[in-house]
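S.K.: here is my input; please provide its structure:
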Amino acid sequence: MKTRKEPFTALFPCPVVLVTCVDSTGEPNIITLAWAGTVCSEPPMIGLGIRPSRYSHRLIENSREFVVNIPPTKILRETDYCGVTSGRDTDKFSETKLTPEQADKVEAPLIRECLVNIEYVLKDKVPLGTHDLFLGEIVQVHIDQTILDKKGNTDFTKADPFTYNQGEYWSLHKKLGTYGYSKQAK
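M.R.: Sure thing, here's the model as predicted:
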């Protein structure tokens with residue numbers, strides 16, 4: 001038997017990402033988001049849900065670009081801090097000791113401590129309710145060579161990402177299968 005509940009944000013797991021953006025003077029900010037996901041394969045695009053009251057909302061809206069940085073578990077505390085502290089009042093790079101690095105195609109910085117950084121240009125913004133959906137197209141991907149396997153693919157155990165599950169952070173443990181394995185000959 002299953003319990004019925006009123007609608008809530010029941011989907012899990014949600015990837016945790018650090019999104020960097022810049023203000024009109026080039027000063028960077030970091031926002032932690034869990035409402036993030038791939039929304040298109042060609043062109044490769046992401047959707048980010050951001051409340052209009054958040055400082056980064058205006059920065060992304062004005063600059064029309066951002067970087068999604070995938071944090072490893074070793075910077076969980078810094079990641080949480082960037083989600084509960086406003087960039088209006090705080091230099092999050094300085095406070096967390098995270099290191100900004102120059103991106104290739106956008107002004108927003110990469111975060112060195114994140115082993116995967118994805119540069120985006122904003123394609124659209126859709127008001128939804130409490131959040132707006134920002135749709136970004138990938139213009140450059142950076143992957144630290146230390147997390148690549150022999151075939152050049154990301155080894156997720158080395159990347160060590162984590163998820164957000166209804167108020168809790170969770171790590172990932174092991175590979176269970178690959179896309180299409182259920183159709184492979186037995």
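
S.K.: hang on, I60 in a strand?
M.R.: No - counting by DSSP: H, G, I helix; E, B strand; the rest coil, I60 is not part of a strand but helix.

S.K.: hmm, V22 and it touching each other?
M.R.: No - I60 lies out of contact with V22 (Cβ atoms under 8 Å); the separation is 9.4 Å. Just so you know, the C-beta spots here come from the backbone N, C-alpha and C atoms, and that holds for glycine as well.

S.K.: assess the claim that P71 and P15 are in contact.
M.R.: No - in this structure, P71 is not within contact of P15 by Cβ under 8 Å, at 9.9 Å.

S.K.: which residues do these two both contact?
M.R.: The contact sets of P71 and P15 overlap at P161 (Cβ atoms under 8 Å, 6 or more residues apart in numbering).

S.K.: of those two, give the one with the bigger neighbour count.
M.R.: Neighbour count, other Cβ atoms under 10 Å: between P71 and P15, P71 has more, with 26 against 17.

S.K.: measure the residue nearest to the more buried one when sequence neighbours are not counted to R54 for me?
M.R.: With sequence-adjacent residues excluded and distances taken as Cβ to Cβ, 6 or more residues apart in numbering, P71 is closest to T79, at 4.6 Å. T79 sits 16 Å away from R54, going by Cβ to Cβ, to the nearest Å.

S.K.: more crowded one of the two?
M.R.: A count of neighbours by other Cβ under 10 Å puts T79 above the other of T79 and R54, at 26 against 19.

S.K.: which residue ranges of this protein form strands?
M.R.: Counting by DSSP state E, the chain has strands at residues 14-15, 17-22, 28-33, 36-40, 45-50, 65-70, 100-101, 110-111, 116-127, 132-143, 162-165, 168-171.

S.K.: format those as a markdown table; extra columns: mean pLDDT.
M.R.: Shown next, in a markdown table, are the strands of the chain (pLDDT from 0 to 100):
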| stretch | mean pLDDT |
| --- | --- |
| strand 14-15 | 96 |
| strand 17-22 | 98 |
| strand 28-33 | 98 |
| strand 36-40 | 97 |
| strand 45-50 | 98 |
| strand 65-70 | 98 |
| strand 100-101 | 98 |
| strand 110-111 | 98 |
| strand 116-127 | 98 |
| strand 132-143 | 98 |
| strand 162-165 | 94 |
| strand 168-171 | 93 |
